[in-house]
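1. pasting the structure only:
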């Protein structure tokens, strides 16, 4: 069956779409640009669906080798694509959700300049992410890894005339380079130890040596963790993701839901044979995930930009995925990756529909009363809100609760991790229902009015009133069906998507866990525990989510003046959360400013002036010196010429004499 699946078509078709729109899209009508971009994504999706129906008859892992890339000494790396259960799940998510986002973008970006450029970048993003997922070795994965970083830089900074967008794109690019440094060091260590970067060869070697524990493998795993924290926005490298919302809303949906940020989770799951030999590395992943999910959730509590709230929720949900992988429940982490792709893509696209209906407004403080004006957006976003908050039977309930259960039974500090995740579930419910209330319920706040959270005005801006142009109050309209269609599909998936992973404790078979078992191993279960423990933990998670809903209802419906009073009363805490713990400012003061001073003054003085300017000065003086000599030689004086001729002849005779005598000594 070699070559029969044509895996190479899956990433190559989006790349062809990128080339066509990138090279001639400027000259094409928007309808042609849209058609090219959509065809370049529906063909890979159709190919993946076709493979899915053939999947049960395949010998896995299924490999396609398309030639040698690097061959030097004993090291070689091939252009080999691989398909197994894990990559199959990722392919369905990336191509399926990615295609829906492309459809949505046709309506959302219809009036934007650079329409062709946007879709070219979007196709490029798909190419690199699919390359990452299908790669059979670390080197090809790194190409996709770097590629999604490049595409994210281009898309986040799409509005290149907007200074904040340019800075956000650069920030994402630079922060990810820090993580990529760790990934590269891990690759160098693997080459030095194994002589290959093939997943199959490395994992087989590890399996054949059960005595390999910690040590070298811990070093590799920890450097991989550094790479994953950058790509999947975990502490301390999460700071780029909230600013990524400066790009167009479909970009946020693609980055936050289906592609780039899930790459780190996928990489940890893919390399789990290495992590399982290092308890330290697993614990690091688990605690980073737990701290990140809680830390990001606290910042989401007080944000007023609708997209920024969703950005912090992405960081928090990625923390849950890391927590699942860190407690060795890799399939639980991937399960949450799948359900998160549904409801997070829906949340961002629905937020884009809200922004579209309000003429570009993103501040929730000037929204309200939109439930009846944009009902389809309201109901679809409601499905996503209930899903992310973990209410049954929505998708997030099953995946999040599976992670919390696995954390609870983990023998190395699992109870602490569970408690952090459980509290975070309550915080998630609060900030998501706060977004829901402020955006859709109550009366419209689009006229000049007192801010709902008066304390926020004291710290966030100088005026206590927010004036919105009257055009925002007129013509509030539902989005076109090219945008609403993907919302409806994602809403259905957000409701029923969790049923692929219902655990045995709730009467099902955990289909996704069993499907991934050949690659990721079986999901751990508590020895001697009945299903009552799992059901009890699920009930506790639902209870704290319900508590978050009730608190929001009381604060924003029953006592709408309460948020402002609390913000004023707890001014220090409110300011801390509103300013995101001043982490960016701390990084700027501790890292960025010293580096800038070092580069501007020390390097400029030593290298720029000493080496560059010095080399230029030396070259100039040398040329000037030779010029002076030549000037003396070419004096125009015939007697001088005769003298120089005699000197030259003497030097030539001496050189010839000594040259010959050195090569032909006397016998």
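-> Perfect, thanks for sending it. Quick caveat: nothing in here was measured; it's all calculated off a predicted structure.

2. pretty sure residue 237 is in a strand, no?
-> No. Residue 237: not assigned to a strand; according to DSSP: H, G, I helix; E, B strand; the rest coil it is coil.

3. What count of nearby residues applies to it?
-> 21 (other Cβ atoms under 10 Å). All C-beta spots, glycine's among them, are computed from the backbone N, C-alpha and C.

4. same question, the one 10 residues further on
-> By the measure other Cβ under 10 Å, the count of residues near residue 247 is 27.

5. Does it touch residue 165 like I think?
-> Yes. The criterion here is Cβ atoms under 8 Å, and residue 247 meets it with residue 165 at 6.6 Å.

6. Need the residues touching each of the two.
-> Shared contacts of residue 247 and residue 165, defined by Cβ atoms under 8 Å, 6 or more residues apart in numbering, are found at 156-159.

7. Specify which member of the residues you listed is nearest to residue 183.
-> residue 156 (20.5 Å; Cβ to Cβ).

8. quick one, what contacts that closest one?
-> Applying Cβ under 8 Å, 6+ apart to residue 156 gives the contacts 165, 168-169, 172, 243-244, 246-247, 251, 255.

9. switch the cut-off to 10 Å
-> Counting by Cβ atoms under 10 Å, 6 or more residues apart in numbering, residue 156 touches 121, 165-173, 240-241, 243-248, 251-252, 255.

10. So which helix or strand of this structure has the lowest pLDDT on average?
-> None of the helices or strands of the chain scores lower by mean pLDDT, DSSP states H and E than strand 465-466, at a mean of 35.

11. That strand: what's the following helix or strand?
-> Note on strand 465-466: by DSSP states H and E, the next helix or strand toward the C-terminus is helix 481-496.

12. name the helices or strands packed onto that following helix?
-> When contacts are defined as 3 or more Cβ pairs under 10 Å, 6 or more residues apart in numbering; DSSP states H and E, helix 481-496 sits against helix 85-108, helix 249-253, helix 330-357, helix 375-388, helix 395-409.

13. tell me the angle the next helix or strand after the last one makes with helix 375-388.
-> Later in the chain than helix 395-409, the nearest helix or strand by DSSP H and E is helix 414-440. Our comparison of helix 414-440 with helix 375-388, counting by axes from the mean of the first three to the mean of the last three Cα atoms, to 10 degrees, yields an angle of 170 degrees.

14. Buried residues, helix 414-440. List them.
-> Neighbour-count burial for helix 414-440 flags 414, 417-418, 420-422, 424-440 (criterion: 16 or more other Cβ atoms under 10 Å).

15. What mean pLDDT does it get?
-> Averaged over helix 414-440, pLDDT sits at 95.

16. and it, what other elements does it pack with?
-> If you count contacts as 3+ Cβ pairs under 10 Å, 6+ apart, helix 414-440 packs onto helix 279-300, helix 306-326, helix 330-357, helix 375-388, helix 395-409, helix 531-553.

17. now the helix or strand following the last one against helix 414-440, angle please.
-> The C-terminal neighbour of helix 531-553 among helices and strands, as given by DSSP H and E, is helix 562-569. On the basis of the same axes, to 10 degrees, helix 562-569 is oriented at 120 degrees to helix 414-440.

18. How about the spatially most central residue of the chain: what's its closest non-neighbour residue?
-> By Cα atoms, centre = their mean, the chain has its centre lying nearest to residue 261, at 2.6 Å. Spatially, and ignoring its direct neighbours in sequence, residue 261 is nearest to residue 232 (5.2 Å; Cβ to Cβ, 6 or more residues apart in numbering).

19. wait, what's in contact with the one you found?
-> Residue 232 neighbours (Cβ under 10 Å, 6+ apart): 179, 238, 241, 260-268, 288-289, 292, 314-315, 318-319, 321-322, 337.

20. From residue 384, how far out is it?
-> Relative to residue 384, residue 232 is positioned 21 Å away (Cβ to Cβ, to the nearest Å).

21. rewinding a little: which one of the helices and strands packed on helix 414-440 lies nearest to residue 4?
-> helix 330-357 (26.8 Å).

22. And the closest one, how far out from the chain middle?
-> Relative to the chain's own centre, helix 330-357 is displaced by 14 Å; criterion: Cα atoms, centre = their mean, to the nearest Å.

23. swap in stretch 100-111?
-> On the basis of Cα atoms, centre = their mean, stretch 100-111 is displaced by 21 Å from the centre of the chain it belongs to.

24. what's the average pLDDT for it?
-> Rounded mean pLDDT across stretch 100-111 is 93.

25. And that stretch, what's buried?
-> The neighbour-count criterion (16+ other Cβ under 10 Å) identifies 100-109 as the buried residues of stretch 100-111.

26. for stretch 476-484, same thing?
-> Buried-residue list, stretch 476-484, by 16+ other Cβ under 10 Å: 476, 478-479, 483-484.

27. Next, report how far that stretch is displaced from the centre of its chain.
-> That offset, for stretch 476-484, works out to 28 Å (Cα atoms, centre = their mean).

28. Now do residue 423 against residue 294, distance only.
-> Remark: distance between residue 423 and residue 294 (Cβ to Cβ) = 7 Å.

29. Count the neighbours of the nearest residue to residue 74 once chain neighbours are set aside for me.
-> Distances taken as Cβ to Cβ, 6+ apart place residue 195 nearest to residue 74, at 5.5 Å, with adjacent residues excluded. When neighbours are counted by other Cβ under 10 Å, residue 195 registers 15.

30. Please look at residue 195 and residue 201 and confirm they touch.
-> Yes. The criterion here is Cβ atoms under 10 Å, and residue 195 meets it with residue 201 at 8.6 Å.

31. need the longest strand for this protein.
-> Scanning the chain for the strand with the most residues, using DSSP state E, yields strand 62-72.

32. Spell out the secondary structure type for residue 445.
-> Following three-state DSSP, the label given to residue 445 is coil.

33. Kindly give a single ChimeraX line that selects the buried subset of the contacts of residue 232.
-> Here is the ChimeraX command that selects the buried residues among those (16+ other Cβ under 10 Å):
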select :179,238,241,260,261,262,263,264,265,266,267,268,288,289,292,314,315,318,319,321,322,337
